[in-house]
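Visitor: Sequence and predicted structure, then a few things I'm wondering about:
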Amino acid sequence: MRLRFFIFVAIIFSAVPRVSISDENPYDFNYSFDNDYPFSVLNDDRAYSGGQRLSLIRTTDRLPIVFRFLEWFTSNSSQFNSGFALGQQLYTPDDISRRDPIEDDEPYAAYLSGSFLSYLRNENTLHLFQVELGVVGPLALGENIQNAIHRFIGYRIAEGWDNQLKTEPILNLFYQQKRTFWALKDAKGVSLSDFVPNAAIAAGNLYVYGQVGAQFRLGYGLSDDFGPTMTTPMSAEPFVPEQRQPWEAYGFLAADFRYMVRNLFLDGNTFQTGPRIDKRALVYDLDFGFLFRYQAFRIAWRQVLRSQEFQSNLKTHGFGSVLISYTHNF
């Protein structure tokens, strides 16, 4: 049942001891879990059905050697982050009780990935570059993971995984730029709100797209981290600033608009024939949520509403996402 899942998350979050944050070289450990049933206000189970991601992001003196070309953007005030992440994403059609191929709906697909991330920050501008390697297909263990979760929460089993996309190795590159505008602070210099537009591009055999969007945050003690980032199609964690307020709490609203040239989860395998469906080129995401952090611990929830992604889809899709983070200084 859904209650058991929330109790499980609460136990994990409450079991970690308290530590404080300083500016001595912080590391952010992040775990995010997405699902379109337990965490979504729409309670549907289709399209992007769920995913999870585990990452480590840290401050550094310089970028890793493979990303040093980004130092072209540096200035005297530049700050750097680097990190890596492991993730999994699951996609299913609307009717998961059917075992036969469904030609007018999203194909079954699972994606297992490893990512290398580098961040370069100049005052109010953030550059993020990500190299992602992975595999789509049965090796990504989609059927095993999804049905194990469904059994745990007491939900119906997905029967059609025999029709999933075939095995394909993935190489994808992502770049995103964010800027902070209209930052409002109180008399003590504590941040209360900001507006963060972004632009992004992606290229590879998983995704090819261009994106523009923006996020508005309102609350108290906002970290100078450019806010939470959407979990898909580009998964990335917030920038790790050198200093933070002892606590922060805020709500946020965001919108992202993409022109999709390629989406493997809808276009199908690159080099093999198999399931596919005609996609819509112009898509958008609307999302809202909240974030709370006390000292080294952060938890965030967001609800994402995604527009129709293919021609026969007449419904907006929704999924929820929970992020749990812990900061440690080495």
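Guide: Great, that's in hand.
Visitor: So, low pLDDT: which residues of the protein?
Guide: 1-24, 37-46, 73, 75-77, 230-232, 313-315, 330 (pLDDT under 70).
Visitor: Need the outlier residue of it, farthest from its centre.
Guide: Within the chain, the residue lying farthest from the chain centre (CA atoms, centre = their mean) is residue 187, at 34.1 Å.
Visitor: Surely it is within a strand?
Guide: No: with DSSP: H, G, I helix; E, B strand; the rest coil as the criterion, residue 187 is assigned coil and is not in a strand.
Visitor: Just give the closest residue to residue 173, not the sequence neighbours.
Guide: Counting by CB to CB, 6 or more residues apart in numbering, residue 173 lies nearest to residue 203, which is 5.2 Å off, once chain neighbours are set aside. C-beta here means a position set from N, CA and C on the backbone, and glycine is covered the same way.
Visitor: ranges for the helices of the stretch 101-250 of the chain?
Guide: When assigned using DSSP state H, counting those that start in this stretch, the helices of the stretch 101-250 of the chain occupy the ranges 142-153.
Visitor: Which residue ranges of the stretch 51-200 of the chain form strands?
Guide: Using DSSP state E, counting those that start in this stretch, the strands of the stretch 51-200 of the chain run over residues 79-92, 109-122, 125-136, 168-179, 181-185, 191-204.
Visitor: Export the ones you listed to CSV and append columns for distance to residue 62.
Guide: Converted to CSV, the strands of the stretch 51-200 of the chain look like this (distance: least, CB to CB, whole Å):
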stretch, distance to residue 62
strand 79-92, 6
strand 109-122, 10
strand 125-136, 14
strand 168-179, 19
strand 181-185, 27
strand 191-204, 24
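Visitor: Quick one: closest of these to residue 264.
Guide: Nearest to residue 264, of all the strands of the stretch 51-200 of the chain, is strand 125-136, at 6.5 Å by CB to CB.
Visitor: The closest one pairs with which strands, and in what direction?
Guide: The pairing partners recorded for strand 125-136 under DSSP bridges are strand 109-122 (antiparallel), strand 168-179 (antiparallel).
Visitor: Extract the CA atoms of it and return them as PDB.
Guide: Extracted C-alpha coordinates of strand 125-136, given in PDB (Å, rounded to 0.1, in the frame of the first residue of the first chain):
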ATOM      1  CA  THR A 125      25.600  31.900 -14.100                       C
ATOM      2  CA  LEU A 126      25.900  28.100 -14.000                       C
ATOM      3  CA  HIS A 127      27.300  25.900 -16.800                       C
ATOM      4  CA  LEU A 128      26.600  22.200 -16.400                       C
ATOM      5  CA  PHE A 129      28.000  19.500 -18.700                       C
ATOM      6  CA  GLN A 130      27.200  15.800 -18.400                       C
ATOM      7  CA  VAL A 131      28.400  12.700 -20.200                       C
ATOM      8  CA  GLU A 132      26.000   9.800 -19.900                       C
ATOM      9  CA  LEU A 133      26.700   6.100 -20.700                       C
ATOM     10  CA  GLY A 134      24.200   3.400 -20.300                       C
ATOM     11  CA  VAL A 135      22.100   0.600 -21.800                       C
ATOM     12  CA  VAL A 136      18.500   0.300 -22.900                       C
END
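Visitor: Name the SS class of residue 265, please.
Guide: helix.
Visitor: hang on, isn't it packed against residue 105?
Guide: No: contact criterion CB atoms under 8 Å: residue 265 and residue 105 do not qualify, at 12.0 Å.
Visitor: which of the two has more neighbours?
Guide: More crowded of residue 265 and residue 105, by other CB atoms under 10 Å: residue 265, with 27 against 20.
Visitor: measure the more buried one to residue 177 for me?
Guide: Separation of residue 265 from residue 177 (CB to CB, to the nearest Å): 25 Å.
Visitor: repeat for residue 84
Guide: For residue 84, the distance to residue 177 (CB to CB) stands at 21 Å.
Visitor: Please apply the same query to residue 233.
Guide: Distance of residue 233 to residue 177, given as CB to CB: 16 Å.
Visitor: ok, those two, which is more surrounded?
Guide: residue 233 (22 against 16).
Visitor: which ones are touching that one?
Guide: Counting by CB atoms under 8 Å, 6 or more residues apart in numbering, residue 233 makes contact with 202, 207, 209, 258, 263.
Visitor: How about residue 158?
Guide: By CB under 8 Å, 6+ apart, the contact list for residue 158 reads 92, 96, 108, 143, 146-147, 150.
Visitor: And the residues you listed, which two are furthest apart?
Guide: Across the contacts of residue 158, the longest distance by CB to CB is 13.9 Å; it joins 108 and 150.
Visitor: Looking at the two, which has the bigger crowd around it?
Guide: Higher neighbour count among residue 108 and residue 150: residue 108, with 25 against 18, using other CB under 10 Å.
Visitor: If we ignore the residues flanking it in sequence, what's nearest the more buried one?
Guide: residue 164 (3.8 Å).
Visitor: What is the burial count for that neighbour?
Guide: Counted by other CB under 10 Å, the residues lying close to residue 164 total 22.
Visitor: With the one 4 residues further on instead?
Guide: By the measure other CB under 10 Å, the count of residues near residue 168 is 21.
Visitor: hang on, it packs against residue 270?
Guide: Yes: using CB under 8 Å, residue 168 is in contact with residue 270, at 6.2 Å.
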